[in-house]
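**Student:** coords below, sequence missing:
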């Protein structure tokens, strides 16, 4: 059974810092990995999707990497802003469809102005 | 273009009652998935439908059921509500079935269910 862990559970940094969020998964036989953002009481916004054959994806100040063999992914946020404050969720697709995405519990990020 | 729309946004029920949640996917998307998110946890997969057929089911009791209509909208039904069913219920739509390849899931804002 796939399990996804996110470290740290919470993070508070001053504005302008670069930061890294970590995600690990137990079964390396994945099809893809997605990073989502969730604002309090809201739905999920897809940030980046990395297919199993890819090593990284970039969107603006965000960069996500994937190392399937070690079961790890990182989300790098450059030059953080207060508007980046949210919970960031990592999810893996490993069932090809029948199982849905498996999510971690998320990292609660606060960017101090 | 409208995104994934869910209704109702909030609702309160009592134990033992029944609830129906609704989801309209993005235009052109044929797959709808349902997830349950309990406070402080990541979402958990409940169902996936593609072209009106169930394609996947998570580890939830038979009290949970769903269906997809010809216009690709979907309903999630929960019978005999328990206190533990209190959660944010999220609907996601995608072009294709499954969670493989480049098939991005787009989520709605969710329906927050409180069971008293």
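**Tutor:** Perfect, thanks for sending it. The shown structure was predicted, so the numbers you read here are calculated from the model rather than taken from an experiment.

**Student:** any idea how far chain A is from residue B:3?
**Tutor:** As judged by CB to the nearest CB, to the nearest Å, residue B:3 and chain A stand 9 Å apart. Backbone N, C-alpha and C define where each C-beta goes, glycine included.

**Student:** which secondary structure element of chain B has the lowest mean pLDDT?
**Tutor:** Ranked by mean pLDDT, DSSP states H and E, the weakest helix or strand in chain B is strand B:53-57, scoring a mean of 91.

**Student:** can you mark which positions in stretch B:13-26 are buried?
**Tutor:** By neighbour count on 16 or more other CB atoms under 10 Å in any protein chain shown, the buried set for stretch B:13-26 is B:13, B:19, B:21, B:23, B:24, B:25, B:26.

**Student:** please state the backbone phi and psi of the residue nearest in space to the middle of chain B?
**Tutor:** For chain B, residue B:34 is the residue whose C-alpha lies nearest the centre (CA atoms, centre = their mean; 2.8 Å). Per-residue torsions, residue B:34: phi -120, psi 140 (degrees, to the nearest 10).

**Student:** I'd assumed residue B:78 was in contact with it.
**Tutor:** No. Contact criterion CB atoms under 8 Å: residue B:34 and residue B:78 do not qualify, at 10.3 Å.

**Student:** starting at the chain centroid, how far to the least confident helix or strand of chain B?
**Tutor:** From the chain centre to the centre of strand B:53-57 is a distance of 12 Å (CA atoms, centre = their mean, to the nearest Å).

**Student:** so which residue of chain B lies furthest out from the middle?
**Tutor:** Distance from the C-alpha centroid of chain B, by CA atoms, centre = their mean, peaks at residue B:101 (21.9 Å).

**Student:** one step back: the buried residues of stretch B:13-26 also near chain A: which ones?
**Tutor:** Residues of those in contact with chain A (CB under 8 Å from any CB of the partner chain): none.

**Student:** all strands of chain A, in order?
**Tutor:** Taking DSSP state E as the criterion, chain A contains strands spanning A:4-7, A:10-14, A:19-25, A:32-38, A:44-51, A:56-59, A:62-67, A:72-77, A:86-93, A:101-103, A:107-112.

**Student:** roughly how far is the fourth one from the heart of the chain?
**Tutor:** What it means is strand A:32-38. 5 Å.

**Student:** what about that strand, near chain B?
**Tutor:** Yes. Strand A:32-38 reaches chain B (CB under 8 Å from any CB) through A:32, A:34, A:36.
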